[in-house]
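Student: Return a 3D structure for these sequence lines:
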Amino acid sequence: MNLTEVSVSRTIPAPAEKVFDLWIDPNHPGGPWFGGHRVIVNPVVDGLFYLAANHAGRIWPHYGRFVQLDRPRLIEYTWMSEATKGSESVVALTLEPRGDQTEVTLRHSGLPDDDMGRQHKDGWTWILSCLEQALAAKRSATSSD
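Tutor: The predicted structure follows:
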């Protein structure tokens, strides 16, 4: 099977610590786990996750384990789903401080080089948009207090 990698980046209006903490918190709107049909997340090295995501009218189960957690710089975990044909792929989220903002880069490697594998780019782009919106809303609510 031929493999590919997708990469998306976004500048998020929050410090890297806040981005990191939101990403691993399954109860926080804007994070990748929030809103799942069923979510189990144990964000420690070798901790497992299960995400049942409702997409396109059906439930898509995702499984994996956390490989590296280096707050506030790196979150890395494996990712398996029907879209990866059951193969273990790797998601790496790097966080680079840029003043009071954070440059977030997500690389998802080991994906099948087919339509379903490449569609992960659209999914991760949407997730980073949700993350940016959640942290921008939190920042504006805090500054108006």
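Student: Please enumerate the helices of this structure.
Tutor: Under the criterion DSSP state H, helices of the chain are mapped to 16-24, 115-118, 120-143.
Student: Compare those helices and say which comes out lowest on pLDDT.
Tutor: Of all those, the minimum mean pLDDT falls on helix 120-143 (a mean of 88).
Student: Please name the nearest non-neighbouring residue to the spatially most central residue of the chain.
Tutor: Residue closest to the average C-alpha location in the chain (CA atoms, centre = their mean): residue 32, at 4.7 Å. Leaving aside its chain neighbours, residue 32 sits nearest to residue 127 (5.0 Å; criterion: CB to CB, 6 or more residues apart in numbering). Quick note: C-beta positions are derived from backbone N, CA and C, even for glycine.
Student: related to what we said a few turns ago, quick one: closest of the helices of the chain to residue 78.
Tutor: helix 120-143 (13.8 Å; CB to CB).
Student: What angle do helix 16-24 and that closest one make with each other?
Tutor: Here the directions of helix 120-143 and helix 16-24 differ by 120 degrees (axes from the mean of the first three to the mean of the last three CA atoms, to 10 degrees).
Student: can you tell me which residues contact residue 40?
Tutor: Residues near residue 40 by CB atoms under 8 Å, 6 or more residues apart in numbering: 48-50.
Student: go on, residue 74?
Tutor: 68, 92-95.
Student: So what pairs up with it in the strands?
Tutor: residue 70, residue 94 (DSSP bridges).
Student: can the helices of the chain go into JSON lines with extra columns for distance to residue 63 and mean neighbour count?
Tutor: Output for the helices of the chain, formatted as JSON lines (distance: least, CB to CB, whole Å; neighbours: other CB atoms under 10 Å):
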{"stretch": "helix 16-24", "distance to residue 63": "16", "mean neighbour count": "20"}
{"stretch": "helix 115-118", "distance to residue 63": "16", "mean neighbour count": "14"}
{"stretch": "helix 120-143", "distance to residue 63": "15", "mean neighbour count": "16"}
